[in-house]
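**Student:** Have a look at this fold, sequence not included:
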């Protein structure tokens, strides 16, 4: 499993820790989780923690997670990583209207959570 999903109690934030290469099973698990989570709440914010990421851009990740069908209920996504190519991809806000996307360095996880909970 290359994706760990955590529901933050009493919060609209879903934390996803991504590392290595994603498998189709990983993507299905995230999609199923979001299907249930989005159904329970008015809105969801995503905290995306990028570990030893290999392979895709964030844009590709969002598409592969099939988040498009969940996007109506997403307000924000915080991308936490130290890789410079992710910084360029954090301009995804233009591609996904209605979702505010912000980039944070790896040591700014708490700030990312705080931003998502605002």
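**Tutor:** Yes, it's here. Model, not experiment: these values are computed from the prediction.
**Student:** This structure: helices as residue ranges?
**Tutor:** Using DSSP state H, the helices found in the chain span residues 24-40, 58-64, 84-89, 109-117.
**Student:** In this structure, which residue is most central in space?
**Tutor:** Nearest to the centroid of the C-alpha atoms of the chain, with distances taken as Cα atoms, centre = their mean, sits residue 48, at 3.8 Å.
**Student:** Roughly how far does that residue sit from residue 97?
**Tutor:** According to Cβ to Cβ, to the nearest Å, residue 48 and residue 97 sit 19 Å apart. In short, each C-beta sits where N, CA and C put it, glycine included.
**Student:** Stretch 80-88 - what's its average pLDDT?
**Tutor:** Averaged over stretch 80-88, pLDDT sits at 67.
**Student:** And for stretch 8-24?
**Tutor:** The average of the pLDDT scores along stretch 8-24 is 81.
**Student:** separation between residue 113 and residue 20?
**Tutor:** Per Cβ to Cβ, residue 113 is found 23 Å from residue 20.
**Student:** same question but for residue 6, I mixed them up
**Tutor:** 18 Å.
**Student:** Residue 100 too?
**Tutor:** To residue 20, residue 100 is 28 Å away according to Cβ to Cβ.
**Student:** Lovely, talk soon.
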